[in-house]
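Colleague: Just a sequence and a predicted model for now, questions to come.
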Amino acid sequence: MNNPNSWLQFALYVGALLLVTKPLGLHLVRVLDAQGATFLDRIVKPVERATYRICGIRPAEEQGWIGYTVSLLAFSLVGMLATYLILRLQDHLPLNPQALPGLAPHLAFNTAASFTTNTNWQSYSGESTMSYFSQMVALAIHNFTSAASGIAIAAALVRGVARQSARTIGNFWVDVVRVTYYLLVPVCFVFALLLVSQGMIQNFRPYAVARTYEPYTIQVPKTDAAGKPVMAADGKTPVMVDQSVDTQTIVQGPMASQVAIKMLGTNGGGYTNANASNPFENPTPLSNFLQILSIFAIPSALTYYLGRMVKNQRHGWAVWGAMFAMFVAGVLVCWRAEASGNPIHQRLGVAAADGNMEGKEVRFGIFNSALFATITTDASCGAVNAMHDSFTPIGGLVPLFNIETGEVIFGGVGAGLYGMLIFVVLAVFIAGLMVGRTPEYLGKKIEAYDVKLVMLVLMVLSATILGFTAWASVSDWGQAGLNNAGPHGFSELLYAYSSCVGNNGSAFAGLTAAPADGNPHWDTTLGIATLFGRFLMIVPILALAGNLASKKIIPASAGTFRTEGVTFVVLLVGTVLLVGALTFLPALAVGPIVEHYLMGAGTLF
């Protein structure tokens, strides 16, 4: 951690994030106003109006929280079903030069659910599973629509806070159309061109085949005449055989267009299996910097949007400050853990100064791997430029805990803000109890119904993660997917369900969620977890938005708890950490924490 170059990069990142926050926040204020004027109106306005006419949308009519919720659920259901059908029928659709087959039912379900919910968990290798048509139509379109939906939900909750005596919280269809047309598409168009300029591919060529300098041998599952894996005597372990390799297949395709929205929309699903560690998906240090900046750009700007909408910019910056404090703490802990390396390796003569380079791309090194891992799990992105499974126990604990906070440390596009506002309501409720006053948030009384909705959101997160993890940990199918034993194997389980419920999508990559025997349990349960983590939380959040919108704003008094300043930031951070610690500390204790102490004692898993 004594590397001045790394500290300089960190300072540049923070400075760039601050520079984009206000202008992008102001743009969001205009975009999320149905009558708002933007500099893109001349080009985009005719397309927006045509979309309303074709789809029968009445932009002047707003919806109550129930109508808004029904529209969101219907939109998501139709998109998920369409994606499922495309993936199942992939071999009958165009733009498939590799002649890749359609996906199995459980894998198609998992993928459709994952991309619909902005999770982008991948139980497959993109380059060997998805055709160009599937990548562009089934997956990349969801990257736009799921991101737009998340921003729309955040806007609805902010309107609920800002309005008084209102029955409506906006129009879902207008919000999604305007966010897509005025924000995501134009920014991604420019971003994709920047990525192409750095060497990222964008074409429709068939995969290239190159001959290697030296043949090498790998082990692959043995198959029978029907192409099915041959299993060992236990009926669970596939028989492995040697295979000589003297060629390498080099992926091609429309990559830059998908990577742009994958990062800006905090989706995270990689075009290739190696994700952002692949030199095509992340060619240069500049492309790496731009990608991690794009992850936080919209979530950070939404805090400025919050301040403008509630007419209290200091409150918006206070929320930003709470997010930023937790972000910095996570980076420093993860960076220190990875820079310290593995003491067992050091006793074998591996220099401590090299740190833990296992699973990391040498082009990026320790700091950029730790920074990327922290950012991608602070947000609900899930893209990776290093394998989290290879991190030290404490280094791996940081991204795991980031997800288990509800990914409110800037968080996903929209999801981070509405998740943090849940904690804001809880924080002011706690503050009210401590001083013996009726809790208030920006002039609105926080009552029993509001707190019940907040607790329902938090219970969905914890019960789903811990419930599925407990089930998998005692099941044969759950243990069969593990690559490691002991506490590290448990961390793989816990990370998988935390990632899917948190709509993150990254993984401790040692987990095999799509085993060779075609067992559907992992794909099915992880797919259900993504749906629970998205929609069972969104419904009470929109109900909270509707209830807050109907309340009157009362004038501040001498006893009103201020929602800006250092005291509020400390209380908000404490609430997030306390809820996360109380809920998940027992599980973390038998996973990465005990593994850390065992590593110090000379044991690896």
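Modeller: Cool, got the structure.

Colleague: Any idea how many residues pack against the closest residue to residue 100 other than its chain neighbours?
Modeller: Closest residue to residue 100 apart from its sequence neighbours, by Cβ to Cβ, 6 or more residues apart in numbering: residue 131 at 5.2 Å. The way it works is simple: take the backbone N, C-alpha and C, and place the C-beta from them, glycine included. Neighbour count of residue 131, defined by other Cβ atoms under 10 Å: 24.

Colleague: Repeat that for residue 16.
Modeller: With other Cβ under 10 Å as criterion, residue 16 counts 16.

Colleague: What helix or strand is the closest residue to it other than its chain neighbours located in?
Modeller: What sits nearest to residue 16 in space, not counting adjacent residues and going by Cβ to Cβ, 6+ apart, is residue 293, at 5.5 Å. Counting by DSSP states H and E, the element that carries residue 293 is helix 285-309.

Colleague: Could you list every helix and strand that that helix packs against?
Modeller: Contacts defined by 3 or more Cβ pairs under 8 Å, 6 or more residues apart in numbering; DSSP states H and E place helix 285-309 against helix 4-31, helix 141-162, helix 185-197, helix 255-264, helix 313-340, helix 365-378, helix 415-435.

Colleague: Now find how far off-centre that helix is within its chain.
Modeller: Offset of helix 285-309 from its chain centre (Cα atoms, centre = their mean, to the nearest Å): 14 Å.

Colleague: Then stretch 514-524?
Modeller: That offset, for stretch 514-524, works out to 23 Å (Cα atoms, centre = their mean).

Colleague: Report the mean per-residue pLDDT for it.
Modeller: Mean pLDDT, stretch 514-524: 78.

Colleague: Burial check on the closest residue to residue 6 other than its chain neighbours, number of neighbours?
Modeller: Excluding the flanking residues, the one nearest residue 6 by Cβ to Cβ, 6+ apart is residue 367, at 3.8 Å. Neighbourhood size, residue 367 [other Cβ under 10 Å]: 21.

Colleague: And the pLDDT for residue 367?
Modeller: pLDDT, residue 367: 95.

Colleague: so the residue nearest to residue 16 sits right up against residue 18, yeah?
Modeller: No. Applying Cβ atoms under 8 Å as the test, residue 293 and residue 18 come out as separate, 11.1 Å apart.

Colleague: Who has more neighbours out of the two?
Modeller: residue 293 (19 against 12).

Colleague: Just the pLDDT for the more buried one.
Modeller: 97.

Colleague: Please, where are all the strands along this structure?
Modeller: For the chain, the strands defined by DSSP state E cover 208-221, 240-250, 440-441, 444-445.

Colleague: Now do the same contact list for residue 246.
Modeller: Taking Cβ atoms under 8 Å, 6 or more residues apart in numbering, we find residue 246 in contact with 211, 212, 215.

Colleague: from the residues you listed, which is closest to residue 144?
Modeller: The shortest approach to residue 144 among these belongs to residue 212, at 38.3 Å (Cβ to Cβ).

Colleague: residues near the closest one, how many?
Modeller: 10.

Colleague: Do I have it right that it meets residue 245?
Modeller: Yes. The pair residue 212 and residue 245 qualifies as a contact (Cβ under 8 Å) at a distance of 7.1 Å.

Colleague: nearest spatial neighbour of the residue positioned nearest the centre of the chain, skipping sequence neighbours?
Modeller: Centroid-nearest residue in the chain, with Cα atoms, centre = their mean: residue 380, separated by 1.9 Å. Excluding its sequence neighbours, the residue lying closest to residue 380 (Cβ to Cβ, 6+ apart) is residue 412, at 3.1 Å.

Colleague: in the lowest-mean-pLDDT helix or strand in the chain, what counts as buried?
Modeller: The least trusted helix or strand in the chain, going by mean pLDDT, DSSP states H and E, turns out to be helix 343-347, with a mean of 84. Residues residue 345 are the ones in helix 343-347 that count as buried (16 or more other Cβ atoms under 10 Å).

Colleague: Check stretch 423-443 too.
Modeller: Under 16+ other Cβ under 10 Å, the buried positions of stretch 423-443 are 423-429, 431-432, 439-443.

Colleague: Could you do stretch 359-375 as well?
Modeller: Buried, per 16+ other Cβ under 10 Å, within stretch 359-375: 359-361, 364-375.

Colleague: Test my guess that residue 338 contacts residue 366.
Modeller: Yes. Residue 338 lies in contact with residue 366 (Cβ under 8 Å); the separation is 5.1 Å.

Colleague: quick one: common contacting residues for these two?
Modeller: Contacts common to residue 338 and residue 366, judged by Cβ under 8 Å, 6+ apart, are 355, 356, 360.

Colleague: Name the nearest of those residues relative to residue 146.
Modeller: residue 360 (29.2 Å).

Colleague: I figured the closest one hits residue 366, correct?
Modeller: Yes. Residue 360 is in contact with residue 366 according to Cβ under 8 Å; the separation is 7.0 Å.

Colleague: intersection of neighbour lists for the two?
Modeller: Contacts common to residue 360 and residue 366, judged by Cβ under 8 Å, 6+ apart, are residue 338.

Colleague: who touches the residue nearest to residue 380 in this structure?
Modeller: By Cβ under 8 Å, 6+ apart, the neighbours of residue 412 are 118, 147, 150, 266, 299, 379, 380, 381, 503.

Colleague: what's the neighbour count on the first one?
Modeller: What it means is residue 118. Around residue 118 there are 32 residues (other Cβ under 10 Å).

Colleague: which residues sit in contact with it?
Modeller: 142, 146-147, 149-150, 265-267, 380, 412-413, 415, 503, 534.

Colleague: Surely residue 10 touches residue 332?
Modeller: No. With contacts counted by Cβ under 8 Å, residue 10 stays clear of residue 332, the gap being 9.4 Å.

Colleague: For residue 282, give me its contacts.
Modeller: 276, 288, 291, 385.

Colleague: Between those, which sits nearest residue 559?
Modeller: residue 291 (46.5 Å).

Colleague: Not counting sequence-adjacent ones, nearest residue to that closest one?
Modeller: residue 263 (4.7 Å).

Colleague: The one you found: what's it in contact with?
Modeller: Residue 263 neighbours (Cβ under 8 Å, 6+ apart): 191, 291, 292, 294, 295, 381, 383.

Colleague: Number of residues surrounding the first one?
Modeller: Going back to what we said before, that points to residue 191. 21.

Colleague: quick one: the closest residue in space to it that isn't next to it in sequence from residue 201, how far?
Modeller: Spatial nearest neighbour of residue 191, excluding adjacent residues (Cβ to Cβ, 6+ apart): residue 260 at 4.1 Å. Distance, residue 260 to residue 201, by Cβ to Cβ, to the nearest Å: 13 Å.

Colleague: of the two, who's got more company?
Modeller: Taking other Cβ under 10 Å, residue 260 and residue 201 do not tie; residue 260 has more neighbours (28 against 19).

Colleague: I appreciate the help and will end here.
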